[in-house]
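Trainee: Okay, predicted coordinates and the sequence, questions at the end:
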Amino acid sequence: MALLEYKCPNCGGALGFDTSVQELACPYCKSVVNTETLRGLDDALEQNQEPESVDWGYTGGCWKEGEQDKMAVYSCKSCGGEIVGDETLGATSCPFCGNAVVMTSKFSGTLRPDLVLPFKLDKKAAVAALHKHYLGKRLLPKVFKDQNHLEEIKGVYVPFWLFDADAEARTEYSAAKVRVWSDSRYNYRKVSTYRVRREGGIGFDAIPVDGSKSIDDALMESVEPFRLGEAVPFQTAYLAGFFANKYDVDAEQSMARATERVANSAVAAFRETVTGYQTVTPIGANVRVTKGGVRYALLPVWLLSTRYEGENYLFAMNGQTGKLVGDMPLDKGLYRAWLLKMFGIPAAVLSILAQVIVSLLT
């Protein structure tokens with residue numbers, strides 16, 4: 001899978017071919033870019049054909065005898081999430097949406113994880129991180145901060161596919177250096193423009209992709225990074241006292257997101273090498289993933305769920321690093337008061353100034 005994109009050197013918008021002028025044109029600032037200026041990427045464009053699917057080389061592992069004997073699957077009828085727990089677990093609730101879940105079957109029908117990243121932080125640390133997250137949120141409803149409103153705090157091993165990949169990239173930028181000086185009569189400003197290109201290879205290890213439909217991908221990516229060097233070979237003992245979500249998005253289905261993350265990371269890494277200019281505008285990028293491998297891992301996440309005014313709010317904390325993310329409600333009364341404070345004071349000042357001006361004129 002290749003990522004190919006041209007951007008406007010003036011505003012950064014995505015360029016498209018305009019049939020009326022037979023050139024690349026920006027739909028936002030109406031700039032026209034002569035295709036000859038992009039000839040430096042012609043060889044990359046010629047190779048921009050759909051390549052063969054990347055063979056990530058994953059075959060999966062098998063469970064050892066007896067490892068699944070004490071494990072059962074609990075299914076949420078609301079969001080469809082499936083979590084793995086001890087077979088003796090009674091009634092519980094879904095860590096993803098807060099609704100009741102029921103045991104459906106013994107744990108089976110999935111691959112044995114290759115790696116597990118053990119939890120480093122406990123439930124108390126998760127609660128403390130949430131209350132720290134509340135600090136400074138002046139528009140947060142006061143009642144929402146009450147610890148008693150937390151309905152669920154669960155440690156969940158979330159399934160991730162870890163992709164290794166090499167990428168070949170070519171990027172091009174429009175850059176400028178600005179020099180300003182003056183003499184006794186004039187001020188001068190000289191702008192020198194440059195065409196900057198970067199080309200090379202870059203390797204990535206263990207790019208994580210969430211393998212569960214029941215957990216929002218953006219939420220899981222927000223709690224990254226995980227220190228994956230601390231991952232250990234999987235053993236069921238690490239699941240004791242926690243839930244483990246079953247993957248329902250397999251490695252093949254996750255390849256597109258993995259390739260996209262690799263391509264975006266490659267472009268970002270090359271951009272960081274373009275320094276010494278006052279302005280740098282990306283013009284085009286071509287990235288190809290050349291090869292890779294994949295492993296199946298369980299990564300630790302604390303999920304904290306609470307309800308407020310009939311809506312469910314879910315927070316996620318990295319069970320290794322303590323990074324916590326999640327959306328919070330807005331106190332509408334405090335928000336209105338804030339707006340009055342922000343815009344009411346300037347209006348009062350203007351009124352006083354107007355009165356002063358009128359008195360001076362009369």
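Mentor: Yep, that arrived.
Trainee: Give the next helix or strand downstream of the longest strand belonging to the chain.
Mentor: The residue-count maximum for a strand in the chain (DSSP state E) belongs to strand 150-182. For strand 150-182, the following helix or strand on the C-terminal side (DSSP states H and E) is strand 187-210.
Trainee: just checking, next helix/strand downstream of that following strand?
Mentor: Strand 187-210 is succeeded, C-terminally, by helix 217-222 (DSSP H and E).
Trainee: Can you name every helix or strand that that next one contacts?
Mentor: Taking 3 or more Cβ pairs under 8 Å, 6 or more residues apart in numbering; DSSP states H and E as contact, the helices and strands that helix 217-222 lies on are strand 187-210, strand 311-318, strand 324-326. Quick note: C-beta positions are derived from backbone N, CA and C, even for glycine.
Trainee: Name the strands paired with the longest one and say parallel or antiparallel.
Mentor: Applying DSSP bridges to the sheet, strand 187-210 is found paired with strand 150-182 (antiparallel).
Trainee: Now do the buried residues in the partner strand.
Mentor: Within strand 150-182, the residues that count as buried by 16 or more other Cβ atoms under 10 Å are 150, 152-165, 167-175.
Trainee: re the thing from before, and the helices and strands packed on helix 217-222: which comes nearest Leu121?
Mentor: Closest to Leu121 of the helices and strands packed on helix 217-222, according to Cβ to Cβ: strand 311-318, at 7.4 Å.
Trainee: Residues contacting that closest one, please?
Mentor: Strand 311-318 has contacts (Cβ atoms under 8 Å, 6 or more residues apart in numbering) with 96-98, 121, 126, 129-130, 133, 219-220, 222-224, 226, 300-307, 323-329.
Trainee: Make a ChimeraX selection of the buried ones in these.
Mentor: If you want just the buried ones from these in ChimeraX, going by 16+ other Cβ under 10 Å, the selection is:
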select :96,97,98,121,126,129,130,133,219,220,223,226,300,301,302,303,304,305,306,324,325,326,328
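Trainee: Where does the prediction get shaky in the stretch 1-150 of the chain?
Mentor: Low-confidence segments of the stretch 1-150 of the chain, defined by pLDDT under 70: 1-24, 28-29, 33-59, 65-71, 74, 77-82, 85-110, 136-150.
Trainee: mind checking how far the closest residue in space to Leu228 that isn't next to it in sequence is from Ala175?
Mentor: The shortest distance from Leu228 to any non-neighbouring residue, by Cβ to Cβ, 6 or more residues apart in numbering, is to Ala206 (4.7 Å). Distance, Ala206 to Ala175, using Cβ to Cβ, to the nearest Å: 33 Å.
Trainee: what do you get for Cys62?
Mentor: In terms of Cβ to Cβ, Cys62 sits 54 Å off from Ala175.
Trainee: just Val232 next, same as before
Mentor: 46 Å.
Trainee: cool, and Lys213?
Mentor: Taken as Cβ to Cβ, the span from Lys213 to Ala175 is 43 Å.
Trainee: Same check on Ala244?
Mentor: 49 Å.
Trainee: One more: Pro159?
Mentor: Separation of Pro159 from Ala175 (Cβ to Cβ) stands at 43 Å.
Trainee: Might you report the residue contacts of Asp327?
Mentor: Per Cβ under 8 Å, 6+ apart, neighbours of Asp327: Tyr313.
Trainee: what's it sitting at in phi/psi?
Mentor: Main-chain torsions, Asp327, degrees, to the nearest 10: phi -90, psi 150.
Trainee: How about Ser212?
Mentor: Recorded main-chain torsions at Ser212 are phi -130, psi 130, according to degrees, to the nearest 10.
Trainee: do the same with Ala244
Mentor: According to degrees, to the nearest 10, Ala244 has phi -130, psi 120.
Trainee: Run through the residues that contact it.
Mentor: Counted by Cβ under 8 Å, 6+ apart, Ala244 has contacts 83-85, 156-157, 159, 298.
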